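Q: quick one, what's the 3D model for this:
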Amino acid sequence: MKRKYFFEILTFLMISIAVSGCGAKTKTENDRIYLSGGWSYALSEGDAAQMKFQPLSDDALFDLSNLVEGGRGFIWLCRSFTLSENLSDVPVAVYLGRITIADETYLNGTYIGGEGRMPPNEFSAWNTARFYPLPQTLIEKGKENNLVVKIWIDGEGSIVSRPFIGKAADAKRAANYEAFWNSRINLIFAFLMIVIAGYHFLMWLKDRTGRENLMFALINILSAMYLSVFYYADLPGVSGNPLPFLFFQKVFSSALSFLFPFLVTLFIQSFLNEHECRKIFFVRLAITLIPIAIVLCAPSYQVLRSMRWTQVFLVPPLIYILFILCRAVVTHNPDAKVLLIGFSPLVASVLLDLLVHGVLKIYDFPYISSLGWQLVIVTLLFILANRFANSRLEVEELNRTLEQKVEKRTAELKESNSKLSQANGELEVKNGLLADAKRRADRDMKLAVYVQNSFYEGMRPAFKDWDIAYTFRPAAGVSGDLYDFFHDGENLQGVGLFDVSGHGIASGLVTMLAKTVIDRKFKEGLALPFNKVMKEINEQIVLAKGDIENYLTGVILRMKGDHVEYINAGHPKVFFRSGKTGKVVPIELKNSDSSGGIIGMTGIEPDFRTIGFPVHEGDSILLYTDCMSESKNKTAEEYGTDRIAKSFSHVDGSSKKMLKEILSEFESFTAGSEIKDDLTVIVLTYKPHRADAMNV
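A: Model (predicted):
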């Protein structure tokens, strides 16, 4: 069975079980005295025997608040019944199902049970199934008996189940069924959510870059708290809990609901590796906090219930979530479809609740929206687990393949060293020939340097939306570094920075070959998914260089207005600097040790992954080759990526100024030590409608 259909099928089966449970006849059903109709009611206080009861419409049981003046007060319901012969000599009980808010139930004037708390310390027992045994000593056999239920009304009041009098075992079974689907199943899931939250919080503590684990942990904690409105009465010691009902409803039933879209949005953005504009973040935060502040100020429960209009504040966040997912689908982000599948049980359950309770008016059917959300939690749990497992497998596969390649190259190197050792004696004899060969090599090197430099000649980019500064410093002769700016006149379409393995003429020739391939494939693939463009570049380079063993690492960016797509192929980290806050973060995949593989290696199938993110006025991007991070000072200490990020965060202004300061700190650190590798550094700053580029 395909995984993506598993949870939909599970949802269908659970709903089918619920429906069959509600509709299935038991052997004792014929012995039941149903109490869905025939009630009368009174509003005055005092002795029930002295009250003037009047007939109650059967439909009124579902909303008793309209009968009480101002929607707040007590109502007395009376139902007369006579036991049948089948119930005369067996233990009997009354099943009243769910009652809002609180009740006291009497048989022939004697109290037999009650749930919830009456004023002044009221508390609703909405999800507690009422089951009260009827003592044989109180029942008048063969005569008419009176069942009286005193109900406290506060903005709401109802009996929504299908009440009946029957055998005690039958009534108890109906109450247990009601309690399971409306309360206990939520308590079970709440406990599991706390466990899930703890696990993912620990995962986040071990890897702070996995922000989606933190968001998922918070969502589970919030869900467990929100579900307490269903299972609170089943918690031990709750009956004597002085927790105010109004406070409980404000916080757990109302305020928490507005936090869900906020946290879900953060989770989705983390999962899709998307960055959010600070302005949008604060707008979302305001839309979350405003309704919370409103409901927390409600002076009474009736006022709180009248504030259901605040749910309009949920519409913008839900539309924004849908926008994020649709945008990710359009940009071919493979994780978007996974998330759509993950949230599908909630959508299906909400629609079913609207159909059953809103359209069909089947009030005794349990709400399953909470069950739908619980299935979403389980689905997302499997999705995150699957993602983690795939990442581990990718790393293991890459390590296994690389080990084989390293072993092969090591064997070839040993063989070459052996041959060189044997030839040492012959070299002394051939010094004259070597000197001549050196002269020819020097001449060839100069020619290669000239040819390579011609590839970069005249490259002084000046683009209307991007301020660019860069430096290109070959260590000696031909460089193994390759950079390129892809553009259409004044419009910058992309930037590439690559580093060819090895040194000398061979690596220099590979840079020129690769530059031609990369430039052509980039322009041909402007309309293609970016990872496919990179895959075609890799395949073409592998084909073009033949048996040459040099390979490439690199990064490549594609600009589309204020949106940037980015792929890293085994290259050092690329850093992003916010123009507003100055905060510097690496642009990288979450929960993945793989950088996507390297370019030009035969026998290795790289997995190039695209990261998309927006840029805003003043945001900057820093690209560099490994010379900067791996160069050492006089004490053999590497410069490292942390120092690069720190120097990038210290500076502000134009790209030229940033580059100058970054190079200054690098040169101060490495002063007195030899730079043995080619150095290329590029700084890009997004400044719409401004052309200011400089080659340092």
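Q: quick check: bridge partners of I468?
A: Under DSSP bridges, the beta-bridge partners of I468 are L684.
Q: equivalent analysis for W76, please.
A: Beta bridges link W76 to A42, K150, judged by DSSP bridges.
Q: give me the buried positions along the helix or strand containing I644.
A: Assignment of secondary structure by DSSP states H and E places I644 within helix 640-650. Of the residues in helix 640-650, those with enough neighbours to count as buried (16 or more other CB atoms under 10 Å) are T641, R643, I644, A645, S647, F648, S649. Placement of C-beta: from N, CA and C, glycine included.
Q: tell me the mean pLDDT for stretch 231-243?
A: The average pLDDT within stretch 231-243 is 70.
Q: same check on stretch 529-539?
A: Looking at stretch 529-539 alone, the average pLDDT works out to 90.
Q: hmm, who's touching that stretch?
A: In this structure, residues lying in contact with stretch 529-539 by CB atoms under 8 Å, 6 or more residues apart in numbering are 332, 517-518, 521-522, 525, 556, 558, 565, 567, 569, 599-600, 606, 608-610.
Q: which of these are buried, as a PyMOL select command?
A: Here is the PyMOL command that selects only those of the contacts of stretch 529-539 that count as buried (16+ other CB under 10 Å):
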select buried, resi 517+518+521+522+525+556+558+565+567+569+599+600+606+608+609+610
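Q: which of the contacts of stretch 529-539 fall within strands?
A: I556, R558, E565, I567, A569 (DSSP state E).
Q: pretty sure the third one sits against F608.
A: No - the pair E565 / F608 is not scored as a contact, 11.2 Å apart, by CB atoms under 8 Å.
Q: got a list of what the spatially most central residue of the chain touches?
A: For the chain, the residue lying nearest the average C-alpha position, counting by CA atoms, centre = their mean, turns out to be F267 (2.7 Å). In this structure, F267 makes contact with E212, M215, F216, I219, judged by CB under 8 Å, 6+ apart.
Q: ok so, going back, among the buried residues of helix 640-650, which one sits closest to F463?
A: Of all the buried residues of helix 640-650, F648 has the smallest distance to F463: 20.9 Å, by CB to CB.
Q: and E156, how many neighbours?
A: Neighbour count for E156, taken as other CB atoms under 10 Å: 16.
Q: mind starting the numbering at 45 from now?
A: Fine by me, first position is 45 from now on; the one you just mentioned is E200.
Q: would you say K452 is within a helix?
A: Yes - K452: assigned to a helix according to DSSP: H, G, I helix; E, B strand; the rest coil.
Q: ramachandran coordinates for N226?
A: Listed backbone geometry of N226 is phi -100, psi -10, with angles given as degrees, to the nearest 10.
Q: spit out the contact partners of the nearest residue to it once chain neighbours are set aside.
A: Setting aside the residues directly before and after it, N226 is nearest to N171 in space (CB to CB, 6 or more residues apart in numbering), at 4.6 Å. Under the criterion of CB under 8 Å, 6+ apart, the contact list for N171 reads R142, A223, N226, S227, V273, F274, Y275, A277.
Q: sorry, back to before: wait, which of the ones in strands among the contacts of stretch 573-583 is closest to V356?
A: Closest to V356, out of all of those and judged by CB to CB, is E609, at 36.0 Å.
Q: OK, contacts around that closest one?
A: By CB under 8 Å, 6+ apart, E609 lies in contact with F574, L601, R602, T654, I655, G656.
Q: repeat the analysis, applying 7 Å as the threshold.
A: Residues touching E609, when contacts are defined by CB atoms under 7 Å, 6 or more residues apart in numbering, comprise F574, L601, R602, T654, G656.
Q: re the thing from before, now, which of the contacts of F311 sits nearest S699?
A: Using CB to CB, E256 is the member of the contacts of F311 that lies nearest S699, at 32.4 Å.
Q: any idea how many residues pack against V628?
A: Residue crowding around V628 was assessed by other CB under 10 Å; the count is 18.
Q: quick check: it vs L536, distance?
A: In this structure, V628 and L536 are 22 Å apart, going by CB to CB, to the nearest Å.
Q: tell me the average confidence for the helix or strand hosting N130?
A: N130 is part of helix 129-132, with elements assigned from DSSP H and E. Averaging the model's pLDDT scores along helix 129-132 yields 88.
Q: output it in PDB, but only the C-alpha positions, please.
A: Output of helix 129-132 as PDB, limited to C-alpha atoms (Å, rounded to 0.1, in the frame of the first residue of the first chain):
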ATOM      1  CA  GLU A 129     -41.600  -5.700  32.700                       C
ATOM      2  CA  ASN A 130     -38.200  -6.400  31.200                       C
ATOM      3  CA  LEU A 131     -36.700  -3.700  33.400                       C
ATOM      4  CA  SER A 132     -38.600  -4.300  36.600                       C
END
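Q: list the helices and strands that helix packs on?
A: Of the remaining helices and strands, none touches helix 129-132 by 3 or more CB pairs under 7 Å, 6 or more residues apart in numbering; DSSP states H and E.
Q: give me the contacts around it.
A: D75, K185, G210, K211.
Q: and the buried residues of helix 684-694 as CSV, adding distance to M237 and pLDDT?
A: Formatted as CSV, the buried residues of helix 684-694 follow (distance: CB to CB, whole Å; pLDDT from 0 to 100):
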residue, distance to M237, pLDDT
T685, 37, 91
R687, 42, 91
I688, 41, 91
A689, 36, 91
S691, 44, 91
F692, 40, 91
S693, 38, 88
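Q: just send those back as JSON lines, with distance to I203 too.
A: Formatted as JSON lines, the entries for these read as follows, by distance: CB to CB, whole Å:
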{"residue": "T685", "distance to I203": "67"}
{"residue": "R687", "distance to I203": "71"}
{"residue": "I688", "distance to I203": "69"}
{"residue": "A689", "distance to I203": "64"}
{"residue": "S691", "distance to I203": "71"}
{"residue": "F692", "distance to I203": "67"}
{"residue": "S693", "distance to I203": "64"}
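Q: closest one to P335 out of these, please.
A: S693 (36.9 Å).
Q: pretty sure the closest one sits against G623.
A: No - taking CB atoms under 7 Å as the definition, S693 is not a contact partner of G623, at 12.0 Å.
Q: now for these two: what residues contact both?
A: Joint contacts of S693 and G623 (CB under 7 Å, 6+ apart) do not exist.
Q: for the stretch 45-194 of the chain, which spans come out with low pLDDT?
A: Low-confidence segments of the stretch 45-194 of the chain (pLDDT under 70): 45-73, 90-93.
Q: quick one: the helices in the stretch 195-344 of the chain?
A: Shown for the stretch 195-344 of the chain, the helices assigned by DSSP state H, counting those that start in this stretch span residues 212-223, 229-250, 255-270, 272-275, 289-292, 300-315, 322-340.
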